[in-house]
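[1] Got a predicted structure plus its sequence, pasted below:
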Amino acid sequence: MARLDYSAPGVYVEEMNRGSRPIEGVNMSVAGFVGFTEDVRGDARLFEPKLITDWNQYVESFGKIDSDGFTDFGAYLPFAVRGWFENGGGRCWVVSIGTQLPTSDNPKPKAIPTRATTAGRRACLEFKFKSASASSQNGALAKADSLASPSREISRDRIQVIVEPDTPDPTQIDDDDEPFDTGEYFKIVIEQNGEILDFKEIPDPEYPGKTKKVTPYRHLSMAKNPSEGTYVVEALEKSAFIEANDISGLAGNAKGSPLSRRPANGSYEVVPPLEVYPTKKLYPKMYGNPKRRTGVQGLFEIDEISTVACPDLMLAYQSRMLTLEQVHGIMEVMITNCEQSTYRMVVLDPPPVKTPIDPETTLAVSPEQSKPEDVAQWLKDWGRRSMFAAIYYPWIKVPNPRANGAGIFVPPCGHMMGVWCNTDETRGVHKAPANVTPRGVVSLAYNTNFREQELLNPKGINCIRKFPDRGIRIWGARTLVEKEMTEWRYISVRRLMSYIERSIQDGTQWAVFEPNDEDLWARVTRTVSNFLERIWRDGALFGSSPEQAFYVKCNEELNPPETMILGRLYVEVGVCPVRPAEFIIFRISQWSPNEDR
């Protein structure tokens, strides 16, 4: 900016900001998922959103070690996330609401054992968290044996049990000969977040006058009465954090030598007991809390998420843990939050029901039994409409790794959202995510025909259909908006408008607190016009020229002195979005050359 004082003669060089500032389009391809997972590891937390950028990272955060990431009880969330990435999805946020289905009673958390294996991959030891009562008792033992623990409060994070090679205990040898090392002895270091939990302090030979922390669990052996060491199970009884069980007998190796039953060197992760809650708490856990950023509500506290889904809402309904009325409640909170943010959309899954439908008593049926008329009746009875929601029918069949590749019917939301993201990147957000083959789908729960789609399509239910010689195609691109609001009928139009609105909002923040004069009006107009012209050139706006595609108005008519005194700047923007050619009509007639065309 210009200086206010020029006292000494000379040449002054000043930098000036001129011209418009380009608006960068926002990312509309970040998804949010809520459901059950196999595990919760690393820095992931139960009920809290975790950023996932690819399938491998999902397995690292929500799958057990050396697992495929799916669950034994058939949770739909892993299939939805896998479908998201297979169909071109980018990053997403995942909320785990548990690693097992809730039960009807009041369950207590169970310690999850971690198995250590020998070099021959035979199970030999089992580590697990100690209960609070056992920890308090063993804490006294540890203190009595001069073991120390960290001064800070120990969290319920995962513990690393590190097995390292060691030597026989020289104090248990009578003669002066050097002990013979059979290779059976090892030591165990118990760490959490890089800090040793159980330790004792000894003088540090490298730094006289100082001490260092070392593990007290040394010279361990798998032999119950080793001549030159300590039985590992007895040694870890003094720990306040973990316990060990000798399971080498289960592997048929009980009579083997201690060396053959010795755990392989390496780090073993011990999982704390995860929260297990009764069925009556499933609804509030899934609903979540916006302040704590948990559950469905927690997803809407993350600004970059543009599409949300809750695939395991259907599993909860099928398992009779939620009634159809409660399912509608979770759907309602997702739709309401999307409407409040104006740039998000929710992809809903049709519950597998049969008519007649009662929200309180109707039970789920298999997805194959739910016919188009059933879904149409369900939507009519529910009656919720919104331009910020979309629904796809029928369910899709995908390979199930836990069933040796046999197919399993899953809700289509994850695969559909992946197609949305892929369409955004390859064609643009203005292209309808339809007439596309979803990847990873082997068949459908129901083959909808033309006449049946005539029933569903006007109601906003997008069909996934199988065509001869063309395979499975997404054959619908509508929102759940009311019939009379035709301007918001299509998903691509709704998302394009959200993209424009959010991009302009983020890209014009520089104008806040600028002097509200004609120069600012011109700069804002130029900035928004340049952005919309770029969108028009990409084919997102209809018109043979920019003047036909959009207009930006910011003048004294919109900004009289009365509004300027209030500190307001009004800018009016009008755009003409392109719409998909949903119905292509060829009018064919017989024609003679001597007739007018």
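    Structure's in. What do you need?

[2] can I assume Ile408 is in contact with Asn400?
    Yes. Ile408 lies in contact with Asn400 (C-beta atoms under 8 Å); the separation is 4.1 Å. (C-beta placed from N, C-alpha, C; glycine too.)

[3] Between those two, which contacts overlap?
    Gly74 (C-beta atoms under 8 Å, 6 or more residues apart in numbering).

[4] who's more crowded, those two?
    Ile408 (19 against 16; other C-beta atoms under 10 Å).

[5] Quick one: residues contacting the more buried one.
    Applying C-beta under 8 Å, 6+ apart to Ile408 gives the contacts Gly74, Phe79, Lys397, Val398, Pro399, Asn400.

[6] which of those residues tops the neighbour count?
    Phe79 (30 neighbours).

[7] What's the separation between the closest residue to that residue other than its chain neighbours and Trp55?
    Sequence neighbours aside, Val410 is the residue nearest to Phe79 in space, at 4.4 Å (criterion: C-beta to C-beta, 6 or more residues apart in numbering). Distance, Val410 to Trp55, using C-beta to C-beta, to the nearest Å: 16 Å.

[8] Neighbour count: the two, which is higher?
    Val410 (29 against 17).

[9] about what we covered before: now for the residue nearest to Phe79: which residues touch it?
    Tyr76, Phe79, Ala80, Gly83, Pro311, Trp395, Ile396, Lys397, Val398 are the contacts of Val410 under C-beta under 8 Å, 6+ apart.

[10] Show me the strands in the stretch 451-597 of the chain, by range?
    All strands of the stretch 451-597 of the chain, identified by DSSP state E, counting those that start in this stretch, fall at 461-467, 471-475, 550-553, 572-575.

[11] Name the stretch among the ones you listed that sits most buried.
    strand 461-467 (a mean of 21; mean count of other C-beta atoms under 10 Å).

[12] Now that strand: average pLDDT?
    Summarised as a single mean, pLDDT over strand 461-467 is 97.

[13] Looks to me like Tyr268 is in a strand.
    Yes. Counting by DSSP: H, G, I helix; E, B strand; the rest coil, Tyr268 is part of a strand.

[14] quick one: Ser319 and Ser104, what's the gap?
    Distance, Ser319 to Ser104, using C-beta to C-beta: 11 Å.

[15] typo on my end, Pro561
    68 Å.

[16] Could you do Ser257 as well?
    Distance from Ser257 to Ser104, by C-beta to C-beta: 48 Å.

[17] between those two, who's got more neighbours?
    Ser257 (13 against 10).

[18] How about that one, nearest residue that isn't a chain neighbour?
    Glu184 (7.3 Å).

[19] That neighbour contacts Pro263, doesn't it?
    No. Assessed by C-beta under 8 Å, Glu184 is found out of contact with Pro263, at 10.8 Å.

[20] And the residue nearest to Ser257, how far from Ser227?
    Distance of Glu184 to Ser227, computed by C-beta to C-beta: 11 Å.

[21] Look at the two and report which has more neighbours.
    Using other C-beta under 10 Å, the more surrounded residue of Glu184 and Ser227 is Glu184, with 20 against 11.

[22] what sits against the more buried one?
    Residues near Glu184 by C-beta under 8 Å, 6+ apart: Ser221, Met222, Ala223, Pro226, Gly229, Ser257, Pro258, Leu259, Arg262.

[23] Out of those, the closest to Thr117 would be?
    Arg262 (10.4 Å; C-beta to C-beta).

[24] For Val95, give me its contacts.
    32-35, 47-50, 288, 294-296, 298-299 are the contacts of Val95 under C-beta under 8 Å, 6+ apart.

[25] Quickly find the element holding it.
    Assigning secondary structure by DSSP states H and E places Val95 in strand 92-96.

[26] Secondary structure class of Val375, three-state.
    Assignment for Val375 (three-state DSSP): helix.

[27] burial count for it?
    26.

[28] same deal with Thr171?
    For Thr171, the count of nearby residues is 7 (other C-beta under 10 Å).

[29] what's the spacing between it and Leu299?
    58 Å.

[30] Quick check, pLDDT for the residue lying closest to Cys92 once chain neighbours are set aside.
    Among residues not flanking Cys92 along the chain, Ala31 sits closest, at 4.1 Å (C-beta to C-beta, 6+ apart). pLDDT for Ala31: 97.

[31] thought Ala31 was touching Asn87?
    No. The criterion here is C-beta under 8 Å, and Ala31 misses it with Asn87 at 11.0 Å.

[32] Identify the contacts common to those two.
    Common neighbours of Ala31 and Asn87 (C-beta under 8 Å, 6+ apart) are Met417, Cys421.

[33] So for the two, which residue has more residues nearby?
    With neighbours defined as other C-beta under 10 Å, Ala31 and Asn87 compare such that Ala31 has more, 27 against 24.

[34] Point me to the residue sitting closest to the centre of this protein.
    Centroid check for the chain by C-alpha atoms, centre = their mean gives Val94 as the closest residue, at 1.7 Å.

[35] for that residue, which residues make a bridge with it?
    Phe33, Lys50 (DSSP bridges).

[36] Can you give me every residue that contacts it?
    Here Val94 is in contact with Gly32, Phe33, Val34, Thr37, Pro49, Lys50, Ile52, Tyr58, Ser61, Phe62, Leu77, Val81 (C-beta under 8 Å, 6+ apart).

[37] Do you know the pLDDT at the third one?
    Yep, that's Val34 we're talking about. Checking the pLDDT column for Val34, the value is 97.

[38] can you redo the contacts of Val94 as TSV with neighbour count?
    What follows is the contacts of Val94, written out as TSV (neighbours: other C-beta atoms under 10 Å):
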residue	neighbour count
Gly32	25
Phe33	30
Val34	31
Thr37	30
Pro49	25
Lys50	19
Ile52	24
Tyr58	24
Ser61	21
Phe62	28
Leu77	30
Val81	28
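
[39] Good, we can wrap up now.
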